[in-house]
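>>> Build me a structure from this.
(2 chains)
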Amino acid sequence: MRRGLLLLLVACASPRPEQPPPAQDRAERSRALFLQASRVFLHPRCVNCHPDGDSPHQGMEARLHDPPVLRGVADEGVVGMRCDSCHQEHNLELARVPGAPHWHLAPRFMAWEGKSPRQICEQMKDPQRNGSRTLSQIVEHNAHDKLVAWGWSPGHGREPAPGTQEELGKLVAAWVESGAECPAEGARP
Amino acid sequence: MIRLQVNGANRELDVDPEMPLLWALRDVLGLTGTKYGCGQALCGACTVHLDGEVVRSCVTPVGRAQGRSVITIEGLSPDGSHPLQKAWCDLAVPQCGFCQAGQIMTAAALLAKSPKPRDEEIDHSLAGNLCRCGTYGRIRAAIKRAAGMAEE
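As a prediction, this is how the structure comes out:
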């Protein structure tokens, strides 16, 4: 997977300063870049905390979080069952409780559960549904956010998200630079 | 050195910052009212307050409490007179009792934020506090009594 991400990066992000690609090629490249990045977005390490409901999921099977928790008004849990009642700023290997700074759920309007790559792409570009972020802030979020980084260091035998956060950051940056085009509905990575 | 307040008193603990808060409370400070249940934040027996918020002390590194206030069941009231403690006694809530300190601490945090909680609020907030004796009905009734609400 990591090799695949790297190869696509090389293929898609190689500079061609002497002759910009035709617009159609550029758009195709942009769509391909997002599809590749969506391998990460659709991975359970990411989708589990972007639920289309009030509770997060767990595991590769995306079962409901146990013990039962709710997102609450601030997406940080409810009294007595806040996310940070249990989750610390780092993984606990002995207790097997995962952790990272500001452990919380993505807001409901950022749900990825059940979404296609195109739907996630449109959502990610829409300030009304991306936390009022600009595209450069989206790149920064994917490339450096510490909670996002947990996806590649999930602890206790959990399968990490594909590739690395650095590679995801480069993919999303290249997607933005190539026009932030969204893949066709039905397109899958 | 970890400096923190425990039940209103300033304490200095010469311990590893990664030591679970529960260890520091029970083994270093001798506050054994807070119980060790699962050690994985799955049962709620170790519940205490950190700056007024519920935490599971079995998975909370004591370093997280640096400069902050911890309240345990021993510090909920000076003489066992907290409305929840009185309601717990009035309704004879506990059976074996092992989980009850955690139940009361979560209920206290709930009432501090929501003085007249709806049934579903009680259920959602106490969903992480398990009682193997099944005293859930009495727990809910005691929370309502402490809140001055009609019991079921």
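>>> what's the burial count for B:Leu42?
Per other Cβ atoms under 10 Å in any protein chain shown, the neighbour tally for B:Leu42 reads 18. The way it works is simple: take the backbone N, C-alpha and C, and place the C-beta from them, glycine included.
>>> could you list every residue that touches it?
For B:Leu42, the contacting residues are A:Asp66, A:Pro67, B:Gly128, B:Leu130, by Cβ atoms under 8 Å, 6 or more residues apart in numbering or on different chains.
>>> Please narrow those to those residing in helices.
Assigned to helices by DSSP state H, none of those qualify.
>>> Of those, which is the most crowded?
Ranked by the number of neighbours (other Cβ under 10 Å), these place B:Gly128 first, at 24 neighbours.
>>> quick one: secondary structure of residue 39?
By default, I'm working from chain A. The three-state label given to A:Arg39 by DSSP: H, G, I helix; E, B strand; the rest coil is helix.
>>> let's do chain B instead
Under three-state DSSP, B:Gly39 falls in the coil class.
>>> Go ahead and confirm it touches A:Leu92.
No. With contact defined as Cβ atoms under 8 Å, B:Gly39 does not reach A:Leu92; the gap is 10.0 Å.
>>> if we can go back for a sec, quick one: which of the contacts of B:Leu42 is nearest to A:Ser85?
Closest to A:Ser85 out of the contacts of B:Leu42 is B:Gly128 (7.3 Å), distances taken as Cβ to Cβ.
>>> How much space separates the closest one from B:Cys43?
Per Cβ to Cβ, to the nearest Å, B:Gly128 is found 8 Å from B:Cys43.
>>> Pull the contacting residues for the residue nearest the centre of chain A.
Centroid check for chain A by Cα atoms, centre = their mean gives A:Phe41 as the closest residue, at 3.8 Å. Counting by Cβ under 8 Å, 6+ apart, A:Phe41 touches A:Val47, A:Trp112, A:Pro117, A:Ile120.
>>> 6 Å instead, please
A:Trp112, A:Ile120 (Cβ atoms under 6 Å, 6 or more residues apart in numbering or on different chains).
>>> Please look at B:Ser57 and B:Ala45 and confirm they touch.
No. The criterion here is Cβ atoms under 6 Å, and B:Ser57 misses it with B:Ala45 at 9.6 Å.
>>> out of the two, which sits in the more crowded spot?
When B:Ser57 and B:Ala45 are compared on other Cβ under 10 Å, the one with more neighbours turns out to be B:Ser57, at 29 against 24.
>>> next one: phi and psi at the more buried one?
Dihedral pair for B:Ser57: phi -70, psi -20, per degrees, to the nearest 10.
>>> before we move on, what about B:Leu29?
Given degrees, to the nearest 10, the pair of backbone angles that B:Leu29 has is phi -100, psi -10.
>>> before we move on, back to that, and the contacts of B:Leu42, which is closest to A:Asp84?
Once Cβ to Cβ is applied, the member of those that ends up nearest A:Asp84 is B:Gly128, at 12.9 Å.
>>> Return the distance of that closest one relative to B:Phe98.
As judged by Cβ to Cβ, B:Gly128 and B:Phe98 stand 15 Å apart.
>>> repeat for A:Gly186
The gap separating A:Gly186 from B:Phe98 is 55 Å, by Cβ to Cβ.
>>> which of those two has more neighbours?
When A:Gly186 and B:Phe98 are compared for neighbours, B:Phe98 comes out ahead with 16 against 8, by other Cβ under 10 Å.
>>> What sits closest to that one if chain neighbours are left out?
B:Lys35 (5.7 Å; Cβ to Cβ, 6 or more residues apart in numbering or on different chains).
>>> Go ahead and confirm that neighbour touches B:Gly44.
No. When contacts are counted by Cβ under 6 Å, B:Lys35 is not listed as touching B:Gly44 (9.5 Å).
>>> Those two: which has the busier surroundings?
Taking other Cβ under 10 Å, B:Lys35 and B:Gly44 do not tie; B:Gly44 has more neighbours (29 against 21).
>>> residues in contact with that one?
Counted by Cβ under 6 Å, 6+ apart, B:Gly44 has contacts B:Gly102, B:Gly128, B:Asn129.
>>> got it, and B:Asn7?
Contacts here follow Cβ under 6 Å, 6+ apart; on that basis B:Asn7 touches B:Glu74, B:Gly75.
>>> And the pLDDT at it?
For B:Asn7, the model assigns a pLDDT of 98.
>>> do A:Leu8 as well
pLDDT for A:Leu8: 50.
>>> Low-confidence regions, the chain specifically.
Since no chain was named, I'll use chain A. Along chain A, the model assigns pLDDT under 70 to residues A:1-20.
>>> Chain B was what I was after
Low-confidence segments of chain B, defined by pLDDT under 70: B:152.
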